[in-house]
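**Q** structure of the sequence below:
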Amino acid sequence: MKKFIFLPALLVFLLSCQKDIKIKQVVSEEQLSIECILYPGKVPQVFLSRSIAFFDHNTSPSSLFARNATVSITGSSTDNLIADSAFDNFRCRWAPFYKGVLPAQAGQSYTLTVSYNGKTYTATTSIDQAKINIASSTYAPSFHDIYGDHEGVIVNFKDAPGQENFYRYQMHRLADSSVYGGSNLGLIHSTCINNGWYFLNEIGRSVFYDKNLDGQELKIVIEPAYTHQQDDTAYIFIQSLDKNSAEFYDNLDKQKLAQLNPFVEPVFLKTKIEGCIGVFGSAVISDSVKFVYPE
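**A** Numbering: from 1, shown residues only. The predicted model follows:
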């Protein structure tokens, strides 16, 4: 008989321990976030966002966009950027940015100047990275990393010798509303395409270094960020990043790892632009290679 009395008594005890706690929001100072990577042959895009309190509900790119900023990029001449936007067909929302008209050129140095709310931020970069050639690409139905077992895209290429290099993966492909985000993006898919097609530009999260591998054959394995079907066709690139960009995105990747895995030591995100959060850098992109998903 006692065992039938114990359970209700335990429930009453647990319920009596419940307590509602009101969390007082800490007033946080707004900070500017700047992100711009220059690509040779392409006009610059500068993403400016305002930081917000942790529990703030206004998290869309449009609501966080730093409007009325003055943005310029100076190389051999000055490019004054203006506010523009592009529609993100995957997330069905507008992504605002500041856009220039002068394509970046390899071999040149550039200075970014941003004036916003009475403050001015500057940063510089030089586009002097080596352009690499992809030797081949294959598919791995299974590989293991810190998150467990995954499928992967394997890219083989030779490191550019005689210099410190930093690499990042990139894939272009067409998608429709049946394509969902993979493990990094969650169960997201387009709800505004209505069975049409749109362009996906997937940039790998991880940065790869050539430390102790100068001039050697390299192989990287990347888990796809989007779902796919057999015979889906894509095009793969390898980006050669400057050092500042590589360090920034590497720290950002480690932060994400720490958020998802309690056994990973967290790191501080070190800004590359004094006075704000962000990075101004450059990347040289390889020629593409065609990739067809075998399953």
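**Q** now do the helices in the stretch 101-250 of the chain.
**A** 243-260 (DSSP state H, counting those that start in this stretch).
**Q** where does it dip in pLDDT?
**A** Residue ranges of the stretch 101-250 of the chain with pLDDT under 70: 145-148, 183-186.
**Q** ok, which stretches of it are strands?
**A** 109-116, 119-126, 134-145, 148-158, 166-175, 198-203, 208-209, 217-222, 233-241 (DSSP state E, counting those that start in this stretch).
**Q** show residues contacting the longest one.
**A** Under the contact criterion CB atoms under 8 Å, 6 or more residues apart in numbering, strand 134-145 has outside partners 149-158, 217, 221, 223, 236-238, 286-289, 291, 293-295. (C-beta placed from N, C-alpha, C; glycine too.)
**Q** if we go to 7 Å?
**A** Strand 134-145 has contacts (CB atoms under 7 Å, 6 or more residues apart in numbering) with 149-158, 221, 236, 238, 286, 289, 291, 293-295.
**Q** hang on, the earlier thing: dump the strands of the stretch 101-250 of the chain to CSV, plus distance to residue 255.
**A** As requested, these are arranged in CSV below (distance: least, CB to CB, whole Å):
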stretch, distance to residue 255
strand 109-116, 23
strand 119-126, 21
strand 134-145, 17
strand 148-158, 20
strand 166-175, 16
strand 198-203, 17
strand 208-209, 18
strand 217-222, 19
strand 233-241, 18
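**Q** residue contacts, residue 109?
**A** 75, 124, 126.
**Q** which residues does the second one bridge with?
**A** Right, residue 124. The partner list for residue 124 in beta bridges (DSSP bridges) reads residue 111.
**Q** tally of neighbours for it?
**A** 12 (other CB atoms under 10 Å).
**Q** so how far is residue 34 from the residue nearest to the spatial centre of the chain?
**A** Closest residue to the average C-alpha location of the chain: residue 205 at 5.9 Å, with CA atoms, centre = their mean. For residue 205, the distance to residue 34 (CB to CB, to the nearest Å) stands at 20 Å.
**Q** next: residue 44.
**A** From residue 44 over to residue 34 (counting by CB to CB), the distance is 12 Å.
**Q** check residue 254 too.
**A** Counting by CB to CB - residue 254 and residue 34 are separated by 20 Å.
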